[in-house]
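Q: predicted structure and sequence below. I'll ask about it afterward.
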Amino acid sequence: MDRRIKVLIVEDQEVVRIGLGLSLETAPEIEVISEAADGVTAVTEAVSLKPDVILMDIGLPKLDGIAAATLIKKELPARIIMFTDHDDDQSVFAALSAGADGYCLKDVSAEQLVKAIKTVNDGAVWLDERVAGRVLRSYQTPPPPPSLQVTAELPSVVAPTDPRPQTPTSPHQLDVLSLMVEGMNADQISSKLGMGVDDVNTCLYDVVEKLSKSERAQAALADLRKEMFKDVPGLTKWCPVCQRDLDPIFDTCPWDGAALDRASEERLIGQTFADRYEIIQLLGKGGMGIVYKARHKFMNRQVAIKILHPFLLADLNNMKRFRQEAEATSALQHPNVIQIFDFGLTTSGEAFLVMEFLEGTSLDILLDKVETLSVERAVDIFLQCCDALEHAHSHGIIHRDLKPSNVVLINQRGSSDFIKLVDFGIAKFTAPERNNNFTQDQTVRGSPGYMSPEQCQALKLDARSDIYSFGCVMYEALTGAPPFPADNAIDAMYMHCRTKPESICSLMPPGTIPQQLDEIILQSLAKDPAERQQTVGQLKRDLMRFRSAKSTV
């Protein structure tokens, strides 16, 4: 029998490490030689034990898995499989750029995991079939000519001034993409445009591939890579066009002339977007897109524009989810809900969302500064949030991501604490006919620190789930911390389902928080939805009765 494959498991969750060990015990050709729970220990163990294959999670403490893999690859010929629940393109691209030899999602079967380990140990690359197709398309770039060698003298070589040209998206492709954004499936688009279903799918494939390889998409990937590798000394630079790692001495790629590691937001500042919006400054970046402050050239109105990351189009559900944010928010016309002005596609096929520009402070930033709110100030904010939520629920929309960062305080109507509820990106329509396959109940979505027990367990949700999440927000506003602070998502979700929150009165100095208000918030945090306030309107009435009673004391 051949020598057994020595495997190092790197995973911060003990239960996952145990499960992996048990799964691999049954494979006679594999030997688990050690485990590590953080990135620094992973590097130390790898250098000391020299395993054949390393199963490496991405989200590790002390040093993330991408950075750890980069360091290990500099020292050892070990084969590395990223073993993670991240199936987004950013994580996959970053892992492969760091030298990973395989990419495996955590819900893979034991049989497939063993196959992956054996495959990479034999010198091949193994990709989970759920990410393989779109990743391989992006990595089909020709190798450099054998006569060219990357040396220290290469910066003196005159590089071409223009990278490889991008073929513009055709009007026909935009028609197909636009109908998909409107919510049509391939059969409906086929009927609408008089095309065969295969032609529709081919058209979508072509436009998505083109957009995911666009200059802005590759620049966004460079952003991600720099963020993940920021603590790794001496890391090579990366070309977003030919996707080669280059020596840090380069500013442009000697193969195609592209700027290296150039931030994506630099590409649009000062430019006109979608023919009418002048981009002024970057406001923020998130998992779905980049948000800019802009000016409508013809109406001279300041707006905020969210532009979907082009590389996310490799999964068309991302486009549908982006559209859902626009649809959910535009269905709401309430002073305490952010307004949507526009949604669409540019002529190059980029999806964007235009909303009102809010000049204010989110509740999470405010709490970072003041720690806790006074009862009077907090209740005023709570009542406005109730108004916004009641309006959304009356239109059949559950927010599903209530948290302090999605409550923005602005100066309006004579108040410096006028609230705007924002970010309906994972909102859910309660009417069955308006639900899409990417918002089904069997998918866990949300922010772990504020998710209801039923949301943590991927059960069917209704408006009472938002009441629980809002209860977490109220709790944090008065105590300075959510009811279940935790070091990781798994622990937070477990406590939402199993742990009783402490009384607010018991956490704060005596006399600070009235007992009646404490009871209202604790009721909203009941594990069983039937024990909470049954509607936001009921919660609002409870808060108003409290405020009225307090004012008469």
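A: Noted; the coordinates are in hand. Residues are numbered from 1 along each chain as shown.

Q: sketch out the low-pLDDT regions of the stretch 351-500 of the chain for me.
A: Applying pLDDT under 70 to the stretch 351-500 of the chain flags the ranges 425-446.

Q: let me see the ranges of the helices in it.
A: Using DSSP state H, counting those that start in this stretch, the helices of the stretch 351-500 of the chain run over 363-370, 375-394, 453-456, 463-479, 489-498.

Q: for D12, find the nearest of these.
A: Taking Cβ to Cβ, helix 489-498 is the member of these nearest to D12, at 9.7 Å. Bear in mind the C-beta positions are built from the backbone N, C-alpha and C, glycine included.

Q: run the angle between that closest one and helix 463-479 for me.
A: With axes from the mean of the first three to the mean of the last three Cα atoms, to 10 degrees applied, the angle from helix 489-498 to helix 463-479 works out at 110 degrees.

Q: show me what helix 489-498 is packed against.
A: Helices and strands touching helix 489-498, by 3 or more Cβ pairs under 8 Å, 6 or more residues apart in numbering; DSSP states H and E, are helix 453-456.

Q: please name every helix or strand in contact with the helix it packs on.
A: Applying 3+ Cβ pairs under 8 Å, 6+ apart, one finds that helix 453-456 contacts helix 463-479, helix 489-498.

Q: need the winner for burial among those.
A: Per-stretch averages of neighbours, counted by mean count of other Cβ atoms under 10 Å, single out helix 463-479 among these, with a mean of 25.

Q: helix 363-370 and that one, what's the angle between them?
A: Using the same axes, to 10 degrees: helix 463-479 against helix 363-370 is 20 degrees.

Q: please, which helix or strand holds P51?
A: Here P51 is covered by no helix or strand, with elements defined by DSSP states H and E.

Q: state the pLDDT value of the spatially closest residue to it that is not a sequence neighbour.
A: Excluding its sequence neighbours, the residue lying closest to P51 (Cβ to Cβ, 6 or more residues apart in numbering) is L8, at 4.0 Å. pLDDT recorded at L8 is 93.

Q: just V241 next, same as before
A: The model reports V241 with a pLDDT of 65.

Q: try S170
A: With respect to pLDDT, S170 scores 71.

Q: what's around the closest residue to D251 other than its chain neighbours, how many residues?
A: Closest residue to D251 apart from its sequence neighbours, by Cβ to Cβ, 6+ apart: L260 at 6.3 Å. Per other Cβ atoms under 10 Å, the neighbour tally for L260 reads 18.

Q: hmm, back to that, relative to E390, which of the helices and strands packed on helix 453-456 is closest?
A: Closest of the helices and strands packed on helix 453-456 to E390 is helix 463-479, at 9.0 Å (criterion: Cβ to Cβ).

Q: that closest one - contacts with which helices or strands?
A: helix 363-370, helix 375-394, strand 397-398, helix 453-456, helix 504-507, helix 515-524, helix 536-552.

Q: if we go to 6 Å?
A: When contacts are defined as 3 or more Cβ pairs under 6 Å, 6 or more residues apart in numbering; DSSP states H and E, helix 463-479 packs onto helix 375-394, helix 504-507, helix 515-524.

Q: for the longest one, C-alpha coordinates in CSV please.
A: Just to be clear, that refers to helix 375-394. In CSV, the C-alpha atoms belonging to helix 375-394 read as follows (Å, rounded to 0.1, in the frame of the first residue of the first chain):
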residue,chain,number,x,y,z
VAL,A,375,-34.5,56.6,27.4
GLU,A,376,-36.3,59.6,26.0
ARG,A,377,-34.1,59.8,22.9
ALA,A,378,-34.2,56.0,22.4
VAL,A,379,-38.0,55.8,22.5
ASP,A,380,-38.4,58.6,20.0
ILE,A,381,-36.1,56.7,17.6
PHE,A,382,-37.9,53.4,18.4
LEU,A,383,-41.3,54.9,17.5
GLN,A,384,-40.1,56.2,14.1
CYS,A,385,-38.6,52.7,13.4
CYS,A,386,-42.0,51.2,14.2
ASP,A,387,-43.7,53.6,11.8
ALA,A,388,-41.3,52.5,9.0
LEU,A,389,-41.6,48.8,9.7
GLU,A,390,-45.4,49.0,10.0
HIS,A,391,-45.5,50.6,6.6
ALA,A,392,-43.3,47.9,5.1
HIS,A,393,-45.3,45.1,6.7
SER,A,394,-48.5,46.6,5.4
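
Q: turn the helices and strands packed on helix 453-456 into a markdown table, including distance to S330.
A: Shown next, in a markdown table, are those (distance: least, Cβ to Cβ, whole Å):
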| stretch | distance to S330 |
| --- | --- |
| helix 463-479 | 19 |
| helix 489-498 | 31 |
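
Q: so the residue nearest to P51, which of the three states?
A: strand (DSSP: H, G, I helix; E, B strand; the rest coil).

Q: on that earlier part again, let me have the helices of the stretch 351-500 of the chain in TSV, extended by distance to V536.
A: Formatted as TSV, these follow (distance: least, Cβ to Cβ, whole Å):
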stretch	distance to V536
helix 363-370	18
helix 375-394	4
helix 453-456	16
helix 463-479	6
helix 489-498	20
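
Q: of all those helices, which lies closest to S91?
A: Closest among those, using Cβ to Cβ: helix 489-498, at 15.6 Å.

Q: that older thread, quick one: closest of the helices and strands packed on helix 453-456 to P51.
A: helix 489-498 (25.8 Å).

Q: so which residues make contact with that closest one?
A: Residues outside helix 489-498 that contact it (Cβ atoms under 6 Å, 6 or more residues apart in numbering) are P448, G449, M451, P453, C456, F484, A486.
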